[in-house]
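# this one's structure only:
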C-alpha cells in the first residue's frame with residue numbers, strides 16, 4: 001500500500017492553501033472578475049486545477065514566480081508609458097485641427113437630420129485621422145449649424161478635443 005501512495009503523489013506538488021481554505025495562485029495574466037496580472041489570489045481547488053493552471057493564466061504562488069512576474073510587469077509598464085506618451089502627442093496633433101461637415105439645414109440653422117459620431121469619424125478619415133465612433137464623446141447628436149468642441153478618448157488616460165464645424169451643404173444655398 002505504501003508504494004502505491006508514493007507513486008500516486010510522485011511529481012505532484014502540493015498547492016499552497018490560502019487563509020480561507022482555497023488555493024493560492026499567482027496570476028500570470030489578468031483574469032476578469034478575479035484579479036490583475038501579478039496578484040496573488042485565492043480560488044477553489046477545482047477552478048485552479050481545471051481552468052487557471054491548464055490555460056496558463058496562473059501559476060503556483062512562489063517567490064521565484066512573483067519575481068518573474070514583477071520583471072515582466074515592469075517591462076509592460078514601460079511599454080504602456082511609451083504608448084501613453086505617443087497617444088498624448090497624437091491627441092495634441094488632432095487638437096490643432098478642425099473638420100468641416102456639411103449638412104442640410106433650414107434657414108434658421110436647424111439640421112434636417114443630425115450629425116453624430118459616424119459622420120465625425122468619416123470626416124476625420126478624410127484628414128487621415130483614424131478613430132472609431134466609440135472614441136468620439138458626444139453629449140448628444142449635433143442638430144444645429146455652428147462650431148462644436150468634441151471630446152475624443154484615445155485611451156482610458158488620454159483624452160483630447162477637436163473642433164467640428166457643421167455648415168450648410170452647398171445644395172441648401174441654391
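Cool, got the structure. Note that this is a predicted model, so its numbers are computed, not measured.
# what about residue 39, how many neighbours?
15 (other C-beta atoms under 10 Å). Where you see a C-beta, it was placed from the backbone N, CA and C, and this is true even at glycine.
# Quick check: chain neighbours aside, which residue is closest to it?
residue 27 (5.3 Å; C-beta to C-beta, 6 or more residues apart in numbering).
# Look up how far residue 113 lies from the one you found.
49 Å (C-beta to C-beta, to the nearest Å).
# so what's the residue nearest to residue 39 bridging to?
Counting by DSSP bridges, residue 27 is bridged to residue 58.
# what sits against it?
34-41, 52, 57-58, 69 (C-beta atoms under 8 Å, 6 or more residues apart in numbering).
# Look up how far residue 151 lies from it.
34 Å.
# same check, this time on residue 78
Residue 78 sits 28 Å away from residue 151, taking C-beta to C-beta as the criterion.
# and these two? which has more neighbours close in?
residue 151 (13 against 10).
# Need the three-state assignment for that one.
With DSSP: H, G, I helix; E, B strand; the rest coil as the basis, residue 151 sits in strand.
# Tell me the confidence at it?
Among the per-residue scores, residue 151 shows a pLDDT of 94.
# bridging residues for it?
Once the bridges are assigned, which here means DSSP bridges, residue 151 pairs with residue 137, residue 161.
# my read: it touches residue 161, true?
Yes - counting by C-beta atoms under 8 Å, residue 151 touches residue 161, with 5.7 Å between them.
# Against which helices or strands is the longest helix belonging to the chain packed?
Using DSSP state H to define each element, the chain has its longest helix at helix 63-95. Applying 3 or more C-beta pairs under 8 Å, 6 or more residues apart in numbering; DSSP states H and E, one finds that helix 63-95 makes contact with strand 23-27, strand 159-168.
# how far does the longest one sit from the chain's center?
Same thing as strand 159-168. Mean-position distance between strand 159-168 and its chain equals 24 Å (C-alpha atoms, centre = their mean, to the nearest Å).
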